[in-house]
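J.: no sequence on this one, just coordinates:
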């Protein structure tokens, strides 16, 4: 079965500092991997995705993630945090049989301090 | 504008009542999904549908029911059999054969 683990339910950084949100997955087939962002009382917005090809993926709002098969990881980074980045972030892996069904991690709440 | 519309945004239910959450999409997506979100638990799949008139149970389907009579609509009914229905419910859709899902703005259900 596929699963996703996000390390750290809460991450706090200062404005301008590096953001690093960790995600590890397990999958018996080549995974499709996603990062979503959620602001309070709203739906999820796609930040970026990895399907095939280049392992370094760039997304919206300056975020990027690198697929590392040997480490089964897909960590999300941003060089310089902005106050508006404060939100909850979810890593997800696609389900089997190409149904589009997503399996989500528990989420990481990012706090940005001024 | 294309997108997914969930209604209502907030919903209150009395004990023993059934309630129906609406989800409509105009993205021409074949697949639609319902997720439940609880604090600290991520998103858990309730039901999903890949084509009209067909749907499958997800990980936590007990106490819920769905229908898919039209491609653009996938309503979720929370029945009285659901013991702890207070949660944030998210509807999503995607193209069949693709794995990127688009989400609605959610419905927050509270039992009073």
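T.: Looks like it came in fine. This structure is a prediction, so every number in the text was calculated from the model and none was measured.

J.: Contact partners for the residue most central in space within chain B?
T.: Using Cα atoms, centre = their mean, the residue of chain B that lies closest to the mean C-alpha position is residue B:34, 3.1 Å off. Residues in contact with residue B:34, defined by Cβ atoms under 8 Å, 6 or more residues apart in numbering or on different chains, are B:21, B:23, B:45-48, B:58, B:64, B:66, B:74, B:76, B:89-92. Every residue, glycine included, has its C-beta placed from N, CA and C.

J.: So among these, which ones count as buried?
T.: B:21, B:23, B:45-48, B:58, B:64, B:66, B:74, B:76, B:89-92 (16 or more other Cβ atoms under 10 Å in any protein chain shown).

J.: So which of those sit within strands?
T.: Of the positions in the buried ones among the contacts of residue B:34, B:21, B:23, B:45-48, B:64, B:66, B:76, B:89-92 sit in strands, assigned by DSSP state E.

J.: Among the residues you listed, which ones lie close to chain A?
T.: The overlap between those and the neighbourhood of chain A (criterion: Cβ under 8 Å from any Cβ of the partner chain) consists of B:45, B:48, B:90, B:92.

J.: if we look at the sheet, which residues does the last one bridge to?
T.: Residues found in beta-bridge contact with residue B:92 (criterion: DSSP bridges) are residue B:33, residue B:103.

J.: and the gap between it and residue B:80?
T.: Going from residue B:92 to residue B:80 by Cβ to Cβ, to the nearest Å gives 26 Å.

J.: cool, and the third one?
T.: Taken as Cβ to Cβ, the spacing of residue B:90 relative to residue B:80 amounts to 22 Å.

J.: same check, this time on the first one
T.: When distance is defined by Cβ to Cβ, residue B:45 is 22 Å away from residue B:80.

J.: hang on, residue B:71 packs against residue B:30?
T.: Yes: proximity of residue B:71 to residue B:30 meets the contact threshold set by Cβ atoms under 8 Å, at 7.1 Å.

J.: that's a helix at residue A:70, yeah?
T.: Yes: assignment of residue A:70 by DSSP: H, G, I helix; E, B strand; the rest coil places it within a helix.

J.: Find the nearest non-adjacent residue to residue A:71, please.
T.: With Cβ to Cβ, 6 or more residues apart in numbering or on different chains as the criterion, residue A:71 has its nearest non-adjacent residue at 7.6 Å, and that residue is residue A:24.

J.: So what pairs up with that neighbour in the strands?
T.: Beta-bridge partners of residue A:24, counted by DSSP bridges, are residue A:5, residue A:73.

J.: That one - how many residues pack around it?
T.: A count of nearby residues for residue A:24, using other Cβ atoms under 10 Å in any protein chain shown, gives 17.

J.: Surely residue A:41 is in a helix?
T.: No: Residue A:41: not assigned to a helix; according to three-state DSSP it is coil.

J.: Identify the residues contacting it.
T.: Counting by Cβ under 8 Å, 6+ apart, residue A:41 touches B:88, B:106, B:108.
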